[in-house]
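K.L.:
fold the following, please.
(chains A, B and C)
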Amino acid sequence: MFRTTFMTRHDLLGFAVLAVLLLLVLPLSLDVFRLNLVGKYLTYAFVAVGLVLCWGCGGILSLGQGVFYGLGGYALAMFLKLESSDPESTRIQSTPGIPDFMDWNQLTELPWFWEPFQSLGFSLLAVLLVPTLFAYLIGVAMFKRRVGGVYFAIITQAIAAILTILIIGQQGYTGGVNGITDLRTLLGWNIRTDFASYVFYFVCVGLLFVCLLVAQFIRRSKLGRILLAMREQEDRVRFSGYDVAGFKIFVFCVGAAFAAIGGAMFTLQEGFMSPSFVGIVPSIEMVIFCAVGGRLSLLGAVYGALLVNLAKTVFGESFPELWLFAMGLLFIGVVMAFPNGLAGLYQQFLGDRVARWLDQLGRPSRSQAPVALEGGAQ
Amino acid sequence: MTSRHSRISPPPARGWQRLKALAAGLMLSASAQAAVPATDEVNTTGLAVTDDAVQVGILHSVTGTMAISEAGSVQAEILAIEQINAMGGVLGRQIEYVQEDGASDWPTFAERSRKLLRQDNVAAVFGCWTSASRKAVLPIFEQYNGMLYYPTFYEGLEQSPNVIYTGQEATQQILAGLDWVAREKGAETFYLLGSDYIWPRTSNKIARKHIEDVLGLEVVGEDYFPLGHTQFNSAINRIRLKKPDVIYAIIVGGSNVAFYRQLEAAGIDLTEDDVTLLTISVTEDEILGIGGDNIEGAYAAMKYFQSLDNANNQAFVDAFKARWGEDSVIGDVTQAAYLGPWLWKAAVEKAGSFDVDRVREASIGLELDTAPEGYVRVHENHHLWSRTRIGRAGADGQYQVVHETAELMEPDPFPEGYQ
Amino acid sequence: MFDYSMSELTAIFAMQGFAGLILFSVFLLMALGLAIIFGQMGVINMAHGEFMILGAYVTYLTSNLFAEYAPGLFDGYFFVAIVLAFLASALLGMLVEWSMIRFLYQRPLDTLLATWGLSLVLQQAYRSIFGAREVGVVIPDWLTGSYPVTDIVELPVSGIFVMVLAVGVTLAVALLMFRSRWGCQVRAVVQNRPMAGAVGINTARVDRLTFALGCGIAGIAGSAFTMIGSTGPSSGQLYIVDTFLVVVFGGAASLLGTVASAFGISQAQSTLEFFLGGSMAKVLTLMVVVLILMVRPQGLFALKVRR
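P.N.:
Presented below is the predicted three-dimensional model:
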């Protein structure tokens, strides 16, 4: 049966609970300001889901996911910036019609690599393809030479550092440390209204589920099992005739593509993109979202991203100084005491019970699933 | 969830008395107001105003790399609010402030400003420090029609209806300083240095145009360094080779310490006459970290120095030290931040309303003669008319004023011929 | 590059070479500790920068103490400070090894995350104790000023001091590693842990001391660093990536490699900086290092180890 290979009943329950939470509970109980915050947190969940695949399943720890998040975000921000830099609204500049930061940096015409971003189609394609291609290049260079583990982590980190310095240094082309700000419309439609916030929130949730399903498919497929095997005994997999590097490159690219979608959704929801996402610190923070949720659990990653960011907002509002302590201890605690994160705790205390209960419930009739959802949410 | 006054311990009794006395002296008219106008009259747009209180926001970095710079601004804003409250508040209402932490992270600034405007409905926000944080919050202030009082000297090229810029924009700070070194020091060659972001780059662009086109002098070099850079030996070597008359330095943050220290170690003595160092980025606050003896002899061009000798400033410095400790130092931005609440109060009282649109209208042309820096006036482009001063750094970490522009400098955020 | 005369170019390369040597000393001091910890033990210590800053703060405290209680001896405080910085960082390192690292030897990626958390905690602790503001250390008179070689080329005394210190520490570490009994044990543990244990080496103790030594050297680096830069709660983070690259580029387990790669990277960066400016020089240097590492992942000097 399809369901048993692609998704166990238990997985299905998890997905359904998450769907109810994100599509019904939160939108109905939160005002648009808080919902927008949740939407922003969810953009990090894309990265965390990608990390579950790379790190949890594949054993590849990338400390440069911010690079892909940033590239995705920048690709869309470039399109939106060009749209809001029409000659009419920029007539105060010495060269009207180009983005304001270019004018401040004495550029007098649009650089060639900005030209294609006049088109939405190209920009959307670039959101996905540029980061994926970049990941592919890194992957080919590293994995074909069997670089892995900590070396890979350090090199991805260095790449994040390089890209940050580059973006900040080339401010005439990139907006520098300010980032690309003041994005107003998407094809003439105002992206700053409350209505737009709602729309983007649901688009974001929708895309997140697409990514989750893709990730679930990869995990459940033979590929996913090979990844796990590779993580445990890479040489044996290689000796069994598998192209280990190929699998690693593939899963790294998928992670990069997910991160890029997250970045693009951030740009849409917040109306700007900034190099502060590309650097080392945010990249490592993204890893902790994944670790808190449980590095092996796709759904855990979503909850991890939500909870850590929620804590950050709440703590940050009331005890900003304590937040760094809390964050630091969270890193240490998760690694030392709960290596499997929230998902591990769930498995330990609730998992079996829910599974047994599902078994009993599932047999007489499947139509009662919605009732089960409410129970599972607790 | 939010901190209302949470970070404030009650001021020591003596200081509090002095504070009250000072506040009473600062503005006599307020206490004379007998009747408090009704809330629905002064607040037609749903701001957080009650019959006896009004809420404002303070949005600065309390954590992260910018915390060190922004701490002074927070203190100044709180001091001003407390003084205003001690003398009866605004339109008979006490000011309550909601403090949010921008955490030195621009997206966080955006998030928190949205919270202040959307959820807390504050009547005004005093905050932001870096240009990047201001750029991040600007669209949000424009969207929800909030009012931001921004204290930092900055690059200009901006004029938002939702911001009052209480610091100087680039031309005010730069032109007077360059004219002065050209005249007094007979400088002919300049070397421009800066941290690598928009403010130093734009400022140096304006400086270069002024040096080359207006003064007819020469720029012999221009260099930029990543934020946080600590190795300046290459730049110093190049300076040594080019032997400029003036080193024009716009280096920010922790890099300053390394820069001035290495300058001294390389044998470039700022107290001697053969080279003049002019900066627009080092306030008394930064000198604390750099160390007075490392920067002794450098010149700075700004609108305010702690050592300014006038009654307003004396009272302000005393009150600040009474409230935040004898060791506090006050830099240009701290003073500009202090002006924020006072300007807002004056505008609200002139408008007779907290509504942002009416406060904005009332702000234009507003005068404040109680400012520590002396008389200031709000230009219709939302910046302040102010004097520019040249100070020389001493080993004690204070600047001695050696020159002051005779006229108020007109703020010109989009300077013709300098772009 | 072409608007300089020949004699100027010579002077430039001489001065830049010297500037590069100072950078080299800083890199070397920081990378040595990391090379020992990462190279010998395979532990990624992301909090290395914070150990360094601890050394810087200890130097700051020492200078204040001397200025307060023994102004007559102020000229010599730096030597006391270096020793104290070493001890403080080494002790903290030992504590960290005992409470955290030893449980994570089998999981290098997890050490990375845990030590990152540690670095956040330490940063905030520094901020709570010393304040967010950068602190400057008063340098004794004999370390300030410069020594003129020609009329353009001048060598700062503090730079020479840092260099001497870096060379001294490197030699000491080399002696310790290759001439002492303890160093022999460390190398034995690196090459074959079970065998080393089997012949009676207390591997846990060797690990703890190695880690402490690496952290202690970071403390010395911090102490030297106060002469060049500023000390703030998050100053350490600025260097962590550079330092890791130096170590990896040199070949993780090789001290000689660390020295060579610190030298190469600092000279390249310093020379490029003169012609391209700070930002681009850094980008180019890092990019070249990353590219070389992609071609030669084991670094410049690889040690053949059976793991």
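K.L.:
please count neighbours and contacts with C-alpha atoms only from this point.
P.N.:
Will do.
K.L.:
and residue C:33, what pLDDT?
P.N.:
Predicted confidence (pLDDT) for residue C:33: 89.
K.L.:
next one: it from residue C:222, what distance?
P.N.:
Distance check for residue C:33 against residue C:222: by Cα to Cα, to the nearest Å, it reads 11 Å.
K.L.:
up against chain A, what does the stretch 101-250 of chain B have?
P.N.:
B:101, B:103, B:105-107, B:111, B:114-115, B:118-119, B:131-133, B:135-136, B:138-139, B:143, B:157, B:196-198, B:201-202, B:226 (Cα under 8 Å from any Cα of the partner chain).
K.L.:
residues touching the residue of the stretch 1-150 of chain C found nearest chain A, list them.
P.N.:
Using Cα to the nearest Cα, the closest approach of the stretch 1-150 of chain C to chain A is made by residue C:117 at 3.8 Å. Going by Cα atoms under 8 Å, 6 or more residues apart in numbering or on different chains, residue C:117 touches A:327, A:328, A:329, A:330, A:331, A:332.
K.L.:
alongside chain B, which residues does the stretch 101-250 of chain C contribute?
P.N.:
Residues of the stretch 101-250 of chain C found near chain B (Cα under 8 Å from any Cα) are C:132-136, C:138, C:144-146, C:152, C:154-158, C:227-230, C:232, C:234, C:238.
K.L.:
among those, which are located in helices?
P.N.:
Among those, DSSP state H puts C:157, C:158, C:238 in helices.
K.L.:
save these as JSON lines, and put in distance to chain A, neighbour count and pLDDT too.
P.N.:
Below are these laid out as JSON lines (distance: Cα to the nearest Cα, whole Å; neighbours: other Cα atoms under 10 Å in any protein chain shown; pLDDT from 0 to 100):
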{"residue": "C:157", "distance to chain A": "31", "neighbour count": "17", "pLDDT": "83"}
{"residue": "C:158", "distance to chain A": "29", "neighbour count": "22", "pLDDT": "82"}
{"residue": "C:238", "distance to chain A": "10", "neighbour count": "14", "pLDDT": "77"}
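K.L.:
return the closest of those with respect to residue A:298.
P.N.:
Nearest to residue A:298 among these is residue C:238, at 33.1 Å by Cα to Cα.
K.L.:
is any residue of the helix or strand harbouring residue A:265 near chain C?
P.N.:
Under the criterion of DSSP states H and E, residue A:265 resides in helix A:244-270. No: if you take Cα under 8 Å from any Cα as the test, helix A:244-270 misses chain C, and the best it gets is 14.2 Å.
K.L.:
next SSE downstream of that helix?
P.N.:
Heading C-terminal from helix A:244-270 (DSSP H and E), you reach helix A:280-293.
K.L.:
so what pLDDT did residue A:176 get?
P.N.:
pLDDT for residue A:176: 85.
K.L.:
quick one: the closest residue to chain C within the stretch 251-400 of chain B from residue B:385, how far?
P.N.:
The stretch 251-400 of chain B approaches chain C most closely through residue B:258 (4.2 Å), counting by Cα to the nearest Cα. With distances taken as Cα to Cα, residue B:258 is found 34 Å from residue B:385.
K.L.:
which one of these two is surrounded by more residues?
P.N.:
Neighbours around residue B:258 and residue B:385, counted as other Cα atoms under 10 Å in any protein chain shown, are more numerous at residue B:258. The numbers are 26 against 23.
K.L.:
how about the helix or strand hosting the more buried one and chain A, touching?
P.N.:
Secondary structure assignment for residue B:258, by DSSP H and E: helix B:255-265. No: using Cα under 8 Å from any Cα, helix B:255-265 never reaches chain A; the gap is at least 15.6 Å.
K.L.:
can I get that helix in PDB, CA atoms only?
P.N.:
Taking C-alpha atoms only, helix B:255-265 is exported to PDB below (Å, rounded to 0.1, in the frame of the first residue of the first chain):
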ATOM      1  CA  SER B 255      38.100  49.200  14.800                       C
ATOM      2  CA  ASN B 256      38.900  52.700  16.100                       C
ATOM      3  CA  VAL B 257      40.900  51.300  19.000                       C
ATOM      4  CA  ALA B 258      43.200  49.400  16.700                       C
ATOM      5  CA  PHE B 259      43.400  52.200  14.300                       C
ATOM      6  CA  TYR B 260      44.500  54.900  16.700                       C
ATOM      7  CA  ARG B 261      46.800  52.600  18.600                       C
ATOM      8  CA  GLN B 262      48.600  51.500  15.400                       C
ATOM      9  CA  LEU B 263      48.800  55.000  14.200                       C
ATOM     10  CA  GLU B 264      50.600  56.000  17.400                       C
ATOM     11  CA  ALA B 265      52.800  52.900  17.300                       C
END
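K.L.:
strands of the stretch 1-150 of chain C, residue ranges please.
P.N.:
Ranges of strands within the stretch 1-150 of chain C are C:146-148, based on DSSP state E, counting those that start in this stretch.
K.L.:
quick check: residues of it near chain A?
P.N.:
Counting by Cα under 8 Å from any Cα, the stretch 1-150 of chain C sits next to chain A at C:44, C:100, C:103-104, C:108-111, C:113-121, C:124.
K.L.:
if you set the cut-off to 7 Å instead, what comes out?
P.N.:
Contact residues (Cα under 7 Å from any Cα of the partner chain) of the stretch 1-150 of chain C with chain A: C:108, C:109, C:110, C:113, C:114, C:117, C:118, C:120, C:121, C:124.
K.L.:
just put those residues in CSV and tack on pLDDT.
P.N.:
Compiled in CSV, the residues of the stretch 1-150 of chain C next to chain A are given as follows (pLDDT from 0 to 100):
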residue, pLDDT
C:108, 82
C:109, 83
C:110, 86
C:113, 87
C:114, 91
C:117, 92
C:118, 93
C:120, 90
C:121, 92
C:124, 87
